[in-house]
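Peer 1: Dropping a prediction and its sequence here:
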Amino acid sequence: MTTTSERVPTRVPGLTGLLHGSRGPAAPAASNAGLNWLRAGVLGANDGIVSVAATVVGVAGAAASTSTIALAGGAALVAGALSMASGEYVSVSSQRDAERVAAAQGTPVNGVDEDFTNPWHAALASMLAFTVGALIPLLMVLAPWSVAARVPVTFGAVVLALVLTGWASSRFTGASPARSVLRNVVGGSLAMAVTYGVGALVGVAL
């Protein structure tokens with residue numbers, strides 16, 4: 001009979017398994033650094049999509065010119081990417097400090113003394129992913145659509161992108177894909193709808 005101490009510990013799904021859908025116990029154990037990259041990348045991309053989409057749709061709601069939309073969207077992209085990188089660096093640095101203290105006390109958080117998270121990796125992954133995600137709504141709204149079509153087309157492209165990032169997030173967390181996708185789409189759509197409405201009201205007032 002197998003005792004509790006003799007049981008094989010449950011292994012964390014590997015990075016390869018997360019990306020390709022493998023969740024069995026045979027999947028290789030994920031490194032802390034690999035999961036750190038993946039988490040920062042998925043969250044960064046999602047934030048880039050939503051924040052810049054809300055910005056450009058809100059400005060477009062005020063019937064602004066293409067150049068104004070481009071300026072606002074570009075500023076949101078740069079500011080957001082730098083903010084995400086800075087936030088990830090500070091957050092993961094604090095996490096790494098805690099891991100080092102635990103390792104020094106003989107109780108490593110991840111079972112491996114030297115497997116610490118890397119704040120530079122997280123910051124870079126978050127910044128790059130945010131930029132890529134932000135380019136989707138920015139390029140869509142600046143494409144040569146008619147004035148009447150640019151917001152609906154951008155909205156549709158953003159919803160599709162949110163479906164993809166929601167699915168990717170579910171692969172990382174192990175949560176239900178349907179729930180993750182629905183949460184992403186509803187949250188992003190609400191953000192765009194609210195900012196568009198505010199922009200429209202401001203445009204009328206001006």
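Peer 2: Ah, there it is.
Peer 1: which element follows the helix or strand of the chain with the lowest mean pLDDT toward the C-terminus?
Peer 2: Every helix and strand of the chain was ranked by mean pLDDT, DSSP states H and E. The lowest is helix 15-20, at a mean of 40. For helix 15-20, the following helix or strand on the C-terminal side (DSSP states H and E) is helix 32-61.
Peer 1: And the host helix or strand of Val158, what does it pack against?
Peer 2: Following DSSP H and E, the helix or strand that holds Val158 is helix 147-173. Judged by 3 or more Cβ pairs under 8 Å, 6 or more residues apart in numbering; DSSP states H and E, the packing partners of helix 147-173 are helix 15-20, helix 32-61, helix 119-142, helix 177-205. The C-beta positions use only the backbone N, C-alpha and C, and glycine is treated the same way.
Peer 1: ok, the residue nearest to the spatial centre of the chain - contacts?
Peer 2: The centroid of the chain falls nearest to Leu43 when counting by Cα atoms, centre = their mean (1.9 Å). Counting by Cβ atoms under 8 Å, 6 or more residues apart in numbering, Leu43 touches Ser126, Ala129, Ser169.
Peer 1: Can you pull out the low-pLDDT segments for the protein?
Peer 2: Counting by pLDDT under 70, the chain contains low-confidence ranges at 1-36, 110-114, 204-206.
Peer 1: The longest helix seen in it vs helix 119-142, what angle?
Peer 2: Longest helix in the chain, counting residues (DSSP state H): helix 66-104. If you take axes from the mean of the first three to the mean of the last three Cα atoms, to 10 degrees, helix 66-104 sits at 160 degrees to helix 119-142.
Peer 1: Just the buried positions in helix 66-104, please.
Peer 2: For helix 66-104, a neighbour-count test (16 or more other Cβ atoms under 10 Å) marks 69-70, 72-74, 76-77, 80-81, 84-85, 88-89, 91-93, 95-96, 99, 103 as buried.
Peer 1: Check which helices and strands it is in contact with.
Peer 2: Against helix 66-104 (3+ Cβ pairs under 8 Å, 6+ apart) you get helix 32-61, helix 119-142.
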